[in-house]
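Peer 1: Provided below for reference: sequence and predicted model.
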Amino acid sequence: MSDQQQPNPQNILFLGDDINTDDIIPAQRGTKDDLEHLAYYAFEHILGAGNLRQYDRIEAGSNFGCGSSREFAPLAIKAAGIQSIQAKSFAEIFYRNSINIGLSLETKAETAPDPVVQGIVAAGGLIPYNQQRRRGAIAVPKSETTPRPMTVTEKLLARASGNTYVKPGETIFAQVDLAMSHDAIAGPVARLFYQHFGENASVWDSQKVVLVADHFIQIEEIRPDSGAAIMHQQMVEFAHQQGCHLLDMVAPGEAAGICHILLPERGFIRPGILIAGTDSHSCTYGAFGCFATGVGTTDMANILATGDMWIRVPATIRIELVGTLSPHISAKDIMLFLLGELGCSGATGKAIEFCGSAIDRLPMDERMTLANMVVECGALCGLLPVDEVVEQYLRDTNPHPVESGDIVTPDKNAEYERTYRFNLTHLEPQIARPPKPDRVVPISQVGQVPINLAFIGSCTGGKLHDIAQAAEAIAGYRIAPTVQLYVVPASQTVRQEAKRLGYLDTLEQAGAQILKSACGACINAGRGVLGANETGIYATNRNFQGRSGDPSGQNYLASPRTVAISAVCGNISDRLPYSG
């Protein structure tokens, strides 16, 4: 039993800071949405399976529920009989999911009552609240915010909610321009949608809904799990019933692409829109100048019915990145450095807006990495400026040209909660040590860490630029005999281009195994997962205990270049052995 929790006569489970959704319900348990199943495996890695039921209440530190947007986390807690959770602060997506399902939350710091949240709680959750809205029994009030300078985030949310001005802390209902779900969540979303909105209900706009097969489609390659295939089939059936966009497997166990790479490639993403996805890394799309955030099952079922979602307008943190980057420093190094500076709770419930000369020189793939990982700081979204780099990408992928009205910029005197300025000129490669992505040190301080596995893939590390970095770094070398290097292109387009440009051949010649496209090992659902007591270095976005394999495994995070070099060296390193 960890120092973070001790039972007491009042049956209170005491926990520390940054309790994440993989702590609450391990990702591999998410192929079944049966409540008894979820309750049994709640806090499996902390308490042991089946032991949460001995508690009535949870008391925790800051940033409770960080990580994934999976609603299975609060559902598991509620199903196990927990009556309430008190914490210093909650991750915003977990907070919204809990309110939606009627799980009682308390913050240790007093906050002003929110009328919308109070209304949802009083109605018994988001679904009954929205059913009252649809009958006209409840009206969402317009914002009473007076004229004020606004950040990009505030402008986008004001526009999406039909208000002229909004301010941080107020709750709005915002119109969704694009809704995305994937095979790990879409089936339960569909069931909830039909259950509460009618067996013959139609989604509000089928052409604004995209469903993607990517998360659990390879799980049978590493362990038997019939639930994954059922969930995939449920998603496919719902897409056909509703006429939604379906980006399905291209072959057994092989995705057309990972959702956050595939949607931009297929032209679904545009500046200025609001995107909700049943995945916490939906914030990736903020690289294109839009507001994008993760939501849970109940939120998505309601979005499908109403076309809107409730959201507390976040305060904005401004991060200015300047300096001249070393050729061997990537966006992953930048983001890990920022995580080390801000911590996993440093932007809880906030938006992050990036700017600065270092951003201007980053290619699109690298900007997507920055936006993708802001959620590891607790942020709802991460927005980057729309410039010629973004516009050129959109010209290549989107049939409609970007219009001036799509591009939103901050007001001159916009109010930021905090502003950071970092000069990256002397930044060295960064490493996040287990079990949290903010346990970051420069690689020179890591010491000698032998590895068994190296993994280059996921929505964070499997883009074309990522694979190019890895291939160029180890061309002509061989992987150490004690290490297995897996490389997973994030989409079929990435795979084809990486093959055409010779990157995959270079990596294979070094001894890497090129795997089929999908989320795979990143979510403990494909080849490349850590075995018992193994140590790996991964170009993914999270290294929580048990996130990418056995809970006794040790997962270090790094850039694709560092991962590849480490695979050659047999230990974590950014320096190749002298070839003579």
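Peer 2: Structure's in. What do you need?
Peer 1: tell me the phi and psi of residue 182?
Peer 2: phi -130, psi 180 (degrees, to the nearest 10).
Peer 1: How about the lengthiest helix in the chain, which residues are buried there?
Peer 2: When the chain is parsed with DSSP state H, its longest helix is helix 226-242. Neighbour counts over helix 226-242 (16 or more other CB atoms under 10 Å) mark 227-228, 231-232, 234-236, 238-239, 242 as buried. From N, CA and C alone the C-beta is placed, and that goes for glycine too.
Peer 1: And the contacts of the helix or strand following that helix?
Peer 2: As assigned by DSSP states H and E, the chain's next helix or strand after helix 226-242 is strand 245-247. Residues outside strand 245-247 that contact it (CB atoms under 8 Å, 6 or more residues apart in numbering): 207, 209-213, 235-236, 239-240, 255-257, 259, 262, 266, 268.
Peer 1: what are the ranges of the strands in the stretch 151-300 of the chain?
Peer 2: Taking DSSP state E, counting those that start in this stretch as the criterion, the stretch 151-300 of the chain carries its strands at 171-175, 178-182, 209-212, 245-247, 249-251, 254-255, 274-277, 291-294.
Peer 1: would JSON lines of those with distance to residue 220, mean pLDDT and mean neighbour count be doable?
Peer 2: Converted to JSON lines, the strands of the stretch 151-300 of the chain look like this (distance: least, CB to CB, whole Å; pLDDT from 0 to 100; neighbours: other CB atoms under 10 Å):
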{"stretch": "strand 171-175", "distance to residue 220": "39", "mean pLDDT": "96", "mean neighbour count": "20"}
{"stretch": "strand 178-182", "distance to residue 220": "17", "mean pLDDT": "98", "mean neighbour count": "27"}
{"stretch": "strand 209-212", "distance to residue 220": "19", "mean pLDDT": "98", "mean neighbour count": "25"}
{"stretch": "strand 245-247", "distance to residue 220": "20", "mean pLDDT": "98", "mean neighbour count": "19"}
{"stretch": "strand 249-251", "distance to residue 220": "13", "mean pLDDT": "97", "mean neighbour count": "15"}
{"stretch": "strand 254-255", "distance to residue 220": "13", "mean pLDDT": "98", "mean neighbour count": "24"}
{"stretch": "strand 274-277", "distance to residue 220": "25", "mean pLDDT": "98", "mean neighbour count": "26"}
{"stretch": "strand 291-294", "distance to residue 220": "26", "mean pLDDT": "98", "mean neighbour count": "28"}
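Peer 1: wait, which of the ones you listed is closest to residue 563?
Peer 2: Ranking the strands of the stretch 151-300 of the chain by their distance to residue 563 (criterion: CB to CB) puts strand 254-255 first, at 21.1 Å.
Peer 1: Who are the packing partners of that closest one?
Peer 2: Counting contacts by 3 or more CB pairs under 8 Å, 6 or more residues apart in numbering; DSSP states H and E, strand 254-255 packs against no other helix or strand.
Peer 1: what sits up against that strand?
Peer 2: Against strand 254-255 from outside (CB under 8 Å, 6+ apart): 212-214, 217, 247, 249, 262, 491, 516-519.
Peer 1: Parallel or antiparallel, list what pairs with it.
Peer 2: Here strand 254-255 is paired, per DSSP bridges, with strand 249-251 (antiparallel).
Peer 1: Can you tell me what sits against the strand it pairs with?
Peer 2: Applying CB under 8 Å, 6+ apart, the external contacts of strand 249-251 come out as 213, 217, 232, 255-256, 492, 516.
Peer 1: ok, residue 360 - contacts?
Peer 2: Residue 360 makes contact with 387, 389 under the criterion CB under 8 Å, 6+ apart.
Peer 1: And it, how far from residue 354?
Peer 2: 11 Å (CB to CB, to the nearest Å).
Peer 1: what's the answer for residue 343, then?
Peer 2: With the distance defined as CB to CB, residue 343 ends up 18 Å from residue 354.
Peer 1: averaged over its residues, what pLDDT does the host helix or strand of residue 341 have?
Peer 2: Element membership for residue 341, per DSSP H and E: helix 331-342. The average pLDDT within helix 331-342 is 98.
Peer 1: Look at residue 525 and report its pLDDT.
Peer 2: What the model reports as pLDDT for residue 525 is 96.
Peer 1: model confidence over stretch 567-578, on average?
Peer 2: Stretch 567-578 shows a mean pLDDT of 94.
Peer 1: From the opening residue of stretch 275-286 to its closing one, how far?
Peer 2: 9 Å (CA to CA, to the nearest Å).
Peer 1: same check, this time on stretch 338-357
Peer 2: Across stretch 338-357, first to last residue, CA to CA, it's 16 Å.
Peer 1: packing partners for the longest helix of the chain?
Peer 2: helix 186-197, strand 209-212, strand 245-247.
Peer 1: Tabulate the ones you listed (a markdown table), appending distance to residue 528.
Peer 2: A markdown table is the format used below for these (distance: least, CB to CB, whole Å):
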| stretch | distance to residue 528 |
| --- | --- |
| helix 186-197 | 24 |
| strand 209-212 | 20 |
| strand 245-247 | 22 |
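Peer 1: Among those, which comes closest to residue 124?
Peer 2: Here helix 186-197 is closest among those (CB to CB), at 11.9 Å.
Peer 1: follow-up on the earlier one: so which two of the contacts of strand 249-251 are the farthest from each other?
Peer 2: Across the contacts of strand 249-251, no pair lies farther apart than 232 and 492, at 17.9 Å, counting by CB to CB.
Peer 1: where in this protein is pLDDT low?
Peer 2: 1-9, 110, 579-580 (pLDDT under 70).
Peer 1: Apply 80 and report the result again.
Peer 2: 1-10, 109-113, 399-401, 578-580 (pLDDT under 80).
Peer 1: who touches the nearest residue to residue 420 once chain neighbours are set aside in this structure?
Peer 2: Excluding its sequence neighbours, the residue lying closest to residue 420 (CB to CB, 6 or more residues apart in numbering) is residue 319, at 4.9 Å. Going by CB under 8 Å, 6+ apart, residue 319 touches 338, 352-356, 419-422.
Peer 1: give me that answer again for 7 Å
Peer 2: Residues near residue 319 by CB atoms under 7 Å, 6 or more residues apart in numbering: 338, 352, 354, 420.
Peer 1: ok, now residue 84?
Peer 2: By CB under 7 Å, 6+ apart, the contact list for residue 84 reads 57, 104, 106.
Peer 1: The first one contacts residue 15, doesn't it?
Peer 2: What that stands for is residue 57. No - Residue 57 is beyond contact range of residue 15, at 11.2 Å (criterion: CB atoms under 7 Å).
Peer 1: Same drill for the two, tell me which one is more crowded.
Peer 2: Between residue 57 and residue 15, counted using other CB atoms under 10 Å, the more crowded position is residue 15 (22 against 17).
Peer 1: how near is that one to residue 540?
Peer 2: Residue 15 sits 25 Å away from residue 540 when distances are taken as CB to CB.
Peer 1: re the thing from before, mind checking which of the contacts of residue 319 are buried?
Peer 2: For the contacts of residue 319, buried by 16+ other CB under 10 Å: 338, 352, 354.
Peer 1: Take those residues and write them to TSV, including distance to residue 45.
Peer 2: Formatted as TSV, the buried ones among the contacts of residue 319 follow (distance: CB to CB, whole Å):
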residue	distance to residue 45
338	27
352	29
354	34
